[in-house]
Structure formats: C-alpha cells, structure tokens
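Engineer: need a 3D model of the sequence below.
(one chain, ligands or ions: 1)
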Amino acid sequence: MPETCPRGFDETLLSGAIDRELVQAAAQKVRIHLEDCAHCRALYKELTELREVAMSTTIHQPPDDQWREAPRGGVSKAGRIVGWLLAVAWLVIITAFGLYQGWQNTDGAFEKFLGFGGLGAVALLLGSVALDRWRTAKTDPYRGVEK
Ligand SMILES: [Zn+2]
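Structural biologist: Model prediction:
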C-alpha cells in the first residue's frame with residue numbers, strides 16, 4: 001500500500017470527518033472518495049481506531065480524580081491523618097479554652113446564650129463536616145489502588 005493517497009486526496013479531511021468538523025459538502029466528498037479508494041479507507045479505519053482508544057482512555061480515568069485531595073503515598077497519607085488529628089485537637093483545646101474564659105467573664109443566662117449559642121452552632125457544623133470527611137476517607141473506593 002502506498003504511503004499517501006494514490007489520487008492525492010487531502011488526508012486532513014479524513015481526520016476532520018472523524019472529528020465531525022467538516023461541512024456537509026466536504027463530508028460528502030470524503031464519503032465518496034472512501035468508497036473507491038482502499039488506501040484512504042484503511043487510513044480512515046486506522047484513524048477511527050486511534051480515536052476510539054484515545055476516547056476510552058479518557059473515559060476510564062476516575063472522573064473525580066482531579067478533585068480528590070487524598071494523597072497517593074503511604075507517608076503523605078499518614079502525614080495527612082496526623083495533620084488532621086493535630087488540627088482537630090488544637091481546635092478543640094482552643095475552643096474549650098475560649099469558651100471557659102468567656103463563660104467566666106459573662107454574667108446572666110441570656111448573655112451566655114448570645115455568646116455561646118452561635119459558637120455551639122459553628123462547632124457542631126465543623127464537627128459534622130469533619131465527620132463526613134472522615135467517613136469519606138474511610139469508604140473512598142479508590143483508596144489503596146496505588147499501594
Ligand atoms: Zn484516497
């Protein structure tokens with residue numbers, strides 16, 4: 001089989017046809033040429049297969065891979081867990097200390113409610129977010145794939 005089309009057909013039109021980028025007249029021209037040119041038929045088939053491989057490679061990647069924060073290595077995973085534990089411990093201690101200080105310096109139930117109701121709500125929200133994150137990390141279906 002010759003390297004190029006024996007009739008000098010513009011081969012960029014073939015990849016254009018596969019990408020569906022051609023206007024109708026050009027697509028028609030490709031179709032007619034493919035019917036009686038074995039060289040371009042083979043090339044078209046090859047290009048189509050290459051395109052399919054490229055497509056399936058893209059699809060088979062985990063779709064949320066780029067959004068995933070989970071570290072890949074064992075060391076960085078351990079570092080992430082320790083970091084989280086330290087951050088949570090720090091937050092709990094700071095919050096407890098702040099609450100204790102505030103409680104000591106606040107008089108009256110209403111003032112206490114004003115000061116600590118919001119803090120309690122924020123703490124609950126942060127806690128539930130942390131819990132969700134912890135559960136997600138535990139049940140991550142891709143966890144351990146790279147081990
Ligand atoms: Zn041809």
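Engineer: check which residues of the strand or helix carrying His39 are buried.
Structural biologist: Secondary structure from DSSP states H and E places His39 in helix 38-59. By 16 or more other Cβ atoms under 10 Å, the buried positions in helix 38-59 come out as 39-40, 43-44, 47. The way it works is simple: take the backbone N, C-alpha and C, and place the C-beta from them, glycine included.
Engineer: tell me which two of those sit farthest apart.
Structural biologist: The widest separation within the buried residues of helix 38-59, taken as Cβ to Cβ, falls between His39 and Leu47 and amounts to 12.6 Å.
Engineer: for stretch 9-26, how far is the first residue from the last?
Structural biologist: End-to-end span of stretch 9-26 (Cα to Cα, to the nearest Å): 12 Å.
Engineer: contacts for that stretch?
Structural biologist: If you take Cβ atoms under 8 Å, 6 or more residues apart in numbering as the criterion, stretch 9-26 is touched by 4-5, 27, 29-31, 33, 37, 40, 43-44, 47-48, 51.
Engineer: so what secondary structure elements neighbour the least confident helix or strand in the chain by mean pLDDT?
Structural biologist: Lowest by mean pLDDT, DSSP states H and E among the helices and strands of the chain is helix 109-139, with a mean of 79. Applying 3 or more Cβ pairs under 8 Å, 6 or more residues apart in numbering; DSSP states H and E, we find helix 109-139 packed against helix 74-105.
Engineer: swap the cut-off to 6 Å and go again
Structural biologist: Judged by 3 or more Cβ pairs under 6 Å, 6 or more residues apart in numbering; DSSP states H and E, helix 109-139 is in contact with no other helix or strand.
Engineer: that one vs helix 74-105, what angle?
Structural biologist: 170 degrees (axes from the mean of the first three to the mean of the last three Cα atoms, to 10 degrees).
Engineer: buried stuff in helix 109-139?
Structural biologist: 116, 123.
Engineer: just stretch 30-38 next, same as before
Structural biologist: Buried, per 16+ other Cβ under 10 Å, within stretch 30-38: 30, 33-34, 37.
Engineer: got it, and stretch 76-86?
Structural biologist: Neighbour counts over stretch 76-86 (16+ other Cβ under 10 Å) mark Lys77 as buried.
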